[in-house]
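[1] Need coordinates for the following:
(2 chains)
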Amino acid sequence: MNKTYDLIIVGAGPTGITASIYAARKGMDSLVLTGDIGGQTAWSGDIENYIGYQFITGTELTAKFEEHMKKYGIEVRENEEITEIRKNDDILISTGKEEYQAKTVIIASGKRSRLLDVPGEDEFRSKGVAYCATCDGPLFAGKDVAIVGGGNSALEAALQMAKIVNQLYVVNNTSELGGDAVVRDKVEAFSNVTVLNNSSVTAISGEAFVERIEVETSGEKKDIAVQGVFVEIGLIPNSEFKSDLKKNAWGEIEVNFRNETNIPGIFAAGDVTNVPEKQIIIAAGEGAKAALGAFRYLAKRK
Amino acid sequence: MKNVKVYSTPTCSHCVRLKQFLADSDIEFENIDVSQDQAAAQELVAKSGQMGVPMLDIEGEIIVGFDKDKIVAILGL
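    Numbering: from 1, shown residues only, chains lettered A, B, ... in the order given. Have a look, this model is predicted:
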């Protein structure tokens, strides 16, 4: 068994990184276990509502976050996905690779893209099926592309892609596009954008790469030739690891306003929780609250 | 020193982090911005059989994504 940390933080998006900095400043011996750095911020496009920056890209803000965390010499282990959290006297965390032990834990594992769950999606992942228009969009220049979804993230992706692709289809399963009116108007103004309402993608197919999608519109199916499919149909919380944590109907970990879960010593913060409003600045603030909460919990326990 | 090519886009965080990691490790590399160069974008697809960035070509060894462990192993860092 490894040493016992004061605090283990799961995740290194804005929440986990902020928590790690607050914990470091309180002198807590902490470890960050994470799949990647930046979380959803890393694949955000333009950010205009993170205070202090009138305009910054997700890539730049992620770099700033990481730089800030590095300044404190915080121990970070990447490519670690947790599989189980359980509490005995201390709290035990298993990843596929190792077991870790801590007196307190902050779960800041965030959310990830919801999958379409249709035939061909898995087979053609990175072979035409993509989940990050900001990252992989430029590889589809001049091609025909479909974006699946009708909310803000789908529309933002559509805006980025419409400028560079040949024909763009927006496949939306409701009667009209959602999202902010400003963005919707911009998307609809492009002459190469076709919005398919009341429609869903039912299959993705091709040879080595995506060649077509099957789209069902009000019960009728037809094939559309595309070389790219960007899936933007919302997010699901990264909370499936084994635990006795209480979650709501959407799988979000339930916390009170102090970021305490139903298990003493285990805190949760940011997008993986039931906190209202999912924003980078809120995620960061929640991370700070959780770290200070964990510090107080530890001080009382000693 | 091995010849290292990074296929990337400027708007991809993992590309930026990968390049930073190489720079921090004193590895010289050629950065190929596939958003500005369609021929290079096709080269990426041909070499890696997929359409995602970042992609790393270390003298014919292809690594897709920012896979630190693999890079360390191949470059002997």
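
[2] close enough to count as contact, A:Gly270 and A:Ala12?
    No: using Cβ atoms under 8 Å, A:Gly270 is not in contact with A:Ala12, being 11.0 Å away. For the C-beta atoms, the positions are set from N, CA and C on the backbone; glycine is no exception.

[3] Could you pull out the residues contacting both of these two?
    The overlap between the contact sets of A:Gly270 and A:Ala12 (Cβ atoms under 8 Å, 6 or more residues apart in numbering or on different chains) consists of A:Ala108.

[4] A:Val215 contacts A:Ala203, correct?
    No: checked against Cβ under 8 Å, the pair A:Val215 and A:Ala203 is beyond contact range at 9.1 Å.

[5] More neighbours: the two, which one.
    A:Val215 (21 against 16; other Cβ atoms under 10 Å in any protein chain shown).

[6] Does the host helix or strand of the more buried one reach chain B?
    Here A:Val215, judged by DSSP states H and E, is contained in strand A:210-217. No: in terms of Cβ under 8 Å from any Cβ of the partner chain, no part of strand A:210-217 sits within range of chain B; the closest distance is 8.9 Å.

[7] if we look at that strand, which residues are touching it?
    Strand A:210-217 is contacted from outside by A:120, A:124, A:127-129, A:146, A:169, A:171, A:196, A:198-206, A:221-229, using Cβ under 8 Å, 6+ apart.

[8] can you pull the contacts of the closest residue to A:Lys97 other than its chain neighbours?
    Spatial nearest neighbour of A:Lys97, excluding adjacent residues (Cβ to Cβ, 6 or more residues apart in numbering or on different chains): A:Glu80 at 6.6 Å. When contacts are counted by Cβ under 8 Å, 6+ apart, A:Glu80 touches A:33-35, A:95-98.

[9] quick one on the thing from earlier: so between A:Gly270 and A:Ala12, which is more surrounded?
    A:Gly270 (35 against 30).

[10] Tell me, what's the model's pLDDT at the more buried one?
    A:Gly270 is assigned a pLDDT of 98 by the prediction.

[11] Can you pull the residues of chain B lying near chain A?
    With Cβ under 8 Å from any Cβ as the criterion, chain B comes near chain A at residues B:9-17, B:20, B:34-35, B:38, B:41, B:44-45, B:49-53, B:64, B:68-69.

[12] What's the ChimeraX line that selects buried ones from those residues?
    Buried subset of those, written as a ChimeraX selection, criterion 16 or more other Cβ atoms under 10 Å in any protein chain shown:
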select /B:9,11,12,13,14,15,16,17,34,35,41,44,45,50,51,52,53,64,68
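
[13] OK, contacts around residue 50?
    All of this refers to chain A. A:Tyr50 touches A:56, A:61, A:280-281, counting by Cβ under 8 Å, 6+ apart.

[14] hm, I was asking about chain B
    With Cβ under 8 Å, 6+ apart, B:Gln50 has these contacts: A:126-127, B:64.

[15] What is the burial count for the nearest residue to B:Glu61 once chain neighbours are set aside?
    Once flanking residues are discounted, B:Glu61 sits nearest to B:Ile74: 5.6 Å by Cβ to Cβ, 6+ apart. By other Cβ under 10 Å, 16 other residues sit near B:Ile74.

[16] Now do the strands in chain B.
    Along chain B, counting by DSSP state E, strands occupy B:4-8, B:30-33, B:55-58, B:61-64.

[17] can you put the ones you listed in CSV and add distance to A:Ile47 and mean pLDDT?
    Listed next are the strands of chain B as CSV, based on distance: least, Cβ to Cβ, whole Å; pLDDT from 0 to 100:
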stretch, distance to A:Ile47, mean pLDDT
strand B:4-8, 20, 96
strand B:30-33, 22, 96
strand B:55-58, 26, 96
strand B:61-64, 27, 95
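
[18] Name the SS class of A:Ser20, please.
    helix (DSSP: H, G, I helix; E, B strand; the rest coil).

[19] How about it, nearest residue that isn't a chain neighbour?
    A:Ile74 (4.8 Å).

[20] Which residues are in contact with that neighbour?
    A:20-21, A:24, A:30, A:32.

[21] Identify each buried residue in stretch A:67-82, please.
    A:69, A:74, A:76, A:80, A:82.

[22] where does the first one fall, helix, sheet strand or coil?
    It refers to A:Met69. Secondary structure, three-state DSSP: A:Met69 is helix.

[23] Enumerate every residue touching it.
    A:12, A:17, A:20-21, A:32, A:76.

[24] With pLDDT added, can I get these in a markdown table?
    Formatted as a markdown table, the contacts of A:Met69 follow (pLDDT from 0 to 100):
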| residue | pLDDT |
| --- | --- |
| A:Ala12 | 98 |
| A:Ile17 | 98 |
| A:Ser20 | 98 |
| A:Ile21 | 98 |
| A:Val32 | 98 |
| A:Val76 | 96 |
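
[25] I'm done for today, thanks for sticking with me.
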